[in-house]
Each structure stands twice: as C-alpha cells, then as structure tokens.
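Visitor: can you look at this prediction? I've put the sequence above it.
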Amino acid sequence: MTIQHIPDAQQDRRALLLLVNDDRQLLLCSACRDTWTIPSVQTGTGTEPADEARRYLTTTFGIGDPQLAAVRGVHTSGSDQAWEFERVTETHLLVCRISNEDARSTCNRDDRYALWTLEDLRRRRRQVTPQGVITFLAGFLEGWLPDGRHTLH
C-alpha cells in the first residue's frame, strides 16, 4: 500500500530577496562558515509575497518604500521535493533595487552582510545558496531575462 503525501491546507511560502545596489552588487548574508545566502522572508497564504518583502525590507534594513523589479521568479516544489518543510512550498525570487547608501549602511551596521559583484558570485558560486539565484541575477543585470514571472525548475 502506497501512502501519498497530502499537503496541509496552507502552503509554505517564502520570498528570497535579491537586494541589488546602484553599483550592481548583491547584498549577501553570512549563513555559516564560508557560506553565503540572500535575505528571505516567510509569507502566509493570505498575503502577497511582494507586500511581505516590502514590510521586511522596511523593518529589517530601514529601506523606505522598497521598489521591486518587474522580473520575478517562482518555484513551487512537488510533494516529492518537500523535505525542507514537510509540505509543498512556493518560493518567490524578488529583485529589489537598493541605494548604495542603504547597502553600505547595512554592511557597516552588521559584519554578517557583504556586497558581491556578479563576477564575485560567478567565481565563488559554490559558497552561495541557493546557487540558482546567480543565473537569475545575471539574466536580470545583463538584460537577457525579460520582465514578468518566470517559473524556476
């Protein structure tokens, strides 16, 4: 007898935030020894990930009226990929332009943050999680990824 995975009524949702400054550098957080990640925020099923991301950016980084780019990545895990939260997850990848001042202020306030160029990301890609964000960011910065929603698989 096979037991099928039945997701809970509410789906786990999160927004991964690509915070890019005016010098085209990405703000990264130190995850643990030699590993870096991008900021993220959990969202509920009754809220829009972009709205939660804006609130998070305002409260955590002091960014007033954060502007999200028109490019958005979305990934919904299958029931066979639900190991992390034990249920289906929906992940939104949002790009937000931040000023150089906001980026420097964050890095100066907390040494767990750093700014990396696209070249840094490509050279040290194995140190960044999730690694797929590097390709997405390259498409955004280099202009070959069109505006709109993109399914990430």
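Guide: Ah, there it is.
Visitor: can you pull out the helices in the chain?
Guide: For the chain, the helices defined by DSSP state H cover 49-61, 100-109, 118-123, 132-142.
Visitor: quick one: which of these is nearest V41?
Guide: With respect to V41, and counting by C-beta to C-beta, the nearest of these is helix 49-61 at 4.2 Å. Glycine gets a C-beta too; all of them are placed from N, C-alpha and C.
Visitor: buried set for that closest one?
Guide: Neighbour counts over helix 49-61 (16 or more other C-beta atoms under 10 Å) mark 49-50, 52-54, 56-57, 61 as buried.
Visitor: JSON lines please, covering the residues you listed and showing pLDDT and distance to H150.
Guide: As requested, the buried residues of helix 49-61 are exported to JSON lines (pLDDT from 0 to 100; distance: C-beta to C-beta, whole Å):
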{"residue": "P49", "pLDDT": "90", "distance to H150": "14"}
{"residue": "A50", "pLDDT": "92", "distance to H150": "15"}
{"residue": "E52", "pLDDT": "92", "distance to H150": "20"}
{"residue": "A53", "pLDDT": "93", "distance to H150": "17"}
{"residue": "R54", "pLDDT": "93", "distance to H150": "20"}
{"residue": "Y56", "pLDDT": "93", "distance to H150": "22"}
{"residue": "L57", "pLDDT": "93", "distance to H150": "21"}
{"residue": "F61", "pLDDT": "89", "distance to H150": "25"}
